[in-house]
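Engineer: Task: produce atomic coordinates for the following.
(2 chains)
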Amino acid sequence: AQKVTQAQTEISVVEKEDVTLDCVYETRDTTYYLFWYKQPPSGELVFLIRRNSFDEQNEISGRYSWNFQKSTSSFNFTITASQVVDSAVYFCALSYNGNKLVFGAGTILRVKS
Amino acid sequence: GAGVSQTPSNKVTEKGKYVELRCDPISGHTALYWYRQSLGQGPEFLIYFQGTGAADDSGLPNDRFFAVRPEGSVSTLKIQRTERGDSAVYLCASSLVVDETQYFGPGTRLLVL
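Structural biologist: Residues are numbered from 1 along each chain as shown, chains lettered A, B, ... in the order given. Next up, the predicted model:
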């Protein structure tokens, strides 16, 4: 069965600190996709990144970076120099069979000024 | 361009009533998905459409839930004989084709009294 675990329920940091959100997944499929979405207080899920199972290269986009390690079934997300606007719930998700997403329970990130 | 839109944004109904939730996907997107998000949890898959047909409805909780997409664009999620446990945010997403990134709408908050 497919499963996504985000062990950190809530993280609080002070502005400008770096923060890493953990994601561990389970799947028997060899082809799958991993995602991160951001859900700000407004409620709409905002797409951040999509990574396929054959591409283990880390990715950086501005202050965001992602570390994908198949050996540990992890897809962690780091925000560098956090800002108050980064406060949100962050979801890691797994897609298999090319369609449905399986989400983790989410990590609440609170960035204090 | 316009994103995924959902109406109504909020719906309050009484136990036992029938409700319809509407989703208008991004123009040109052929795949459409419905998810349900309960408080403090990640979204859970309900059903997805490829064109007009429901390709996978394995997430629908029971036969009170039904969804249609008659012309391959707008979709309606229908819930009969609503129960208090149906209270949640119902999210719609669309993707250009199956296996591509899903973009989410703002959701419909359903409250069953």
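
Engineer: looking at it, A:R51 is touching A:N67, isn't it?
Structural biologist: No - counting by C-beta atoms under 8 Å, A:R51 stays clear of A:N67, with 10.3 Å between them. C-beta coordinates here come from the backbone N, C-alpha and C atoms, glycine included.

Engineer: Show me where chain A dips below the pLDDT cut-off.
Structural biologist: A:98 (pLDDT under 70).

Engineer: Give me every residue in it lying close to chain B.
Structural biologist: A:4, A:33, A:35, A:37, A:42-47, A:50, A:91, A:93, A:95, A:97-106 (C-beta under 8 Å from any C-beta of the partner chain).

Engineer: about what we covered before: looking at A:R51 and A:N67, which has the bigger crowd around it?
Structural biologist: Set A:R51 next to A:N67 and count neighbours by other C-beta atoms under 10 Å in any protein chain shown: A:R51 wins out with 18 against 15.

Engineer: For that one, give the beta-bridge partners.
Structural biologist: The bridge-partner assignment for A:R51, based on DSSP bridges, gives A:L34.

Engineer: and residue 93, how many neighbours?
Structural biologist: No chain was given, so I picked chain A. 23.

Engineer: sorry, should have said chain B
Structural biologist: 26.

Engineer: quick one, what contacts it?
Structural biologist: Each residue near B:A93 by C-beta atoms under 8 Å, 6 or more residues apart in numbering or on different chains is listed here: A:L45, B:V4, B:L32, B:Y33, B:Y35, B:Q102, B:Y103, B:F104, B:G105.

Engineer: roughly how far apart are the nearest residue to it once chain neighbours are set aside and B:Q80?
Structural biologist: Counting by C-beta to C-beta, 6 or more residues apart in numbering or on different chains, B:A93 lies nearest to B:Q102, which is 4.0 Å off, once chain neighbours are set aside. Using C-beta to C-beta, to the nearest Å, we find B:Q102 at a distance of 27 Å from B:Q80.

Engineer: So which of those two has more stuff around it?
Structural biologist: Set side by side, B:Q102 and B:Q80 show more neighbours around B:Q102, with 28 against 13, by other C-beta under 10 Å.

Engineer: residue ranges of the strands in chain B, please?
Structural biologist: Counting by DSSP state E, chain B has these strands, from start to end: B:5-7, B:10-13, B:19-24, B:31-37, B:44-50, B:53-56, B:65-68, B:75-79, B:88-95, B:103-104, B:108-112.

Engineer: Paired strands for the fourth one, with orientation please.
Structural biologist: Taking DSSP bridges as the criterion, strand B:31-37 pairs within the sheet with strand B:44-50 (antiparallel), strand B:88-95 (antiparallel).

Engineer: Residue nearest the middle of chain B, spatially speaking?
Structural biologist: In chain B, the centroid-proximal residue (C-alpha atoms, centre = their mean) is B:W34; its distance is 3.6 Å.

Engineer: Quick check: the gap between it and B:F49.
Structural biologist: Taking C-beta to C-beta, one finds B:W34 at 9 Å from B:F49.

Engineer: circling back: which pLDDT does the model give the residue nearest to B:A93?
Structural biologist: For B:Q102, the pLDDT comes out at 94.

Engineer: Done for today, thanks.
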